[in-house]
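Visitor: Give me a 3D structure for the following:
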Amino acid sequence: MNEKRWIENDKKWEENFKRWEENDKKWEEAMKRFSRIELELGASVESQYSRYVLEDLKDEVKARGETVEQRVRNINLDGVEIDLLVTTDRAVYVVEVKVRPTINDVGALLAKAEVVQRNLNKPTVPILTGSYIGGEVEAYAKGKGVKIYRY
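Guide: Numbering: from 1, shown residues only. Below is the predicted model of the structure:
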């Protein structure tokens, strides 16, 4: 009788282990899918926000008498990835797109603007854009001369 119970318990444990393995595989697959969704959504948002910034920036520079000469998305300059680079006849606008930017993102943007200025020999204007820009981040950015575009 005891041996029969042990055998039944062993079978139940084996079944449970199989279920756990199956669930682990399903979770791994789900996590991969979540990562892909996150990546694709991020790329889509970056593309859309870049377009919004470009439209608003065109109006602003036109009002100041500047002319947009070039617009490049996802440019790599000296190993630095820039989300959007807009060149006018007077300045270069370096745009960083983040849905929820942090103070570290502001620092990274300022470093990117320095690289651009060094390479293109034009005044640079760093621009941070996003949806959820906290008050502390905004105050820090503005204090460092970064323009804020919120969408």
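Visitor: Tally up the residues packed near residue 10, please.
Guide: Using other C-beta atoms under 10 Å, residue 10 has 10 neighbouring residues. For every residue, glycine as well, the C-beta is placed using N, CA and C.
Visitor: Return the set of buried residues in the host helix or strand of residue 108.
Guide: Using DSSP states H and E, residue 108 maps to helix 103-120. Judged by neighbour count using 16 or more other C-beta atoms under 10 Å, the buried positions of helix 103-120 are 105, 106, 108, 109, 110, 112, 113, 115, 116, 117.
Visitor: go on, stretch 55-71?
Guide: 57, 58, 61, 66, 71.
Visitor: Adding secondary structure, write these out as JSON lines.
Guide: Converted to JSON lines, the buried residues of stretch 55-71 look like this (DSSP: H, G, I helix; E, B strand; the rest coil):
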{"residue": "57", "secondary structure": "helix"}
{"residue": "58", "secondary structure": "helix"}
{"residue": "61", "secondary structure": "helix"}
{"residue": "66", "secondary structure": "coil"}
{"residue": "71", "secondary structure": "strand"}
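Visitor: Turn the residues you listed into JSON lines, including distance to residue 14 and pLDDT.
Guide: Output for the buried residues of stretch 55-71, formatted as JSON lines (distance: C-beta to C-beta, whole Å; pLDDT from 0 to 100):
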{"residue": "57", "distance to residue 14": "64", "pLDDT": "96"}
{"residue": "58", "distance to residue 14": "66", "pLDDT": "95"}
{"residue": "61", "distance to residue 14": "70", "pLDDT": "96"}
{"residue": "66", "distance to residue 14": "73", "pLDDT": "96"}
{"residue": "71", "distance to residue 14": "62", "pLDDT": "97"}
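Visitor: Can you tell me which of those is nearest residue 47?
Guide: Here the nearest of these to residue 47, counting by C-beta to C-beta, is residue 71; it sits at 12.8 Å.
Visitor: Can you name the residues that contact the closest one?
Guide: 54, 84, 85, 86, 87 (C-beta atoms under 8 Å, 6 or more residues apart in numbering).
Visitor: The same query, at a cut-off of 7 Å, please.
Guide: By C-beta atoms under 7 Å, 6 or more residues apart in numbering, residue 71 lies in contact with 54, 86.
Visitor: what does the helix holding residue 108 rub up against?
Guide: Helix 103-120 is contacted from outside by 77-78, 80, 82, 85, 92, 94, 96, 98, 124, 126, 128, 137, 140-141, 144, 146, using C-beta under 7 Å, 6+ apart.
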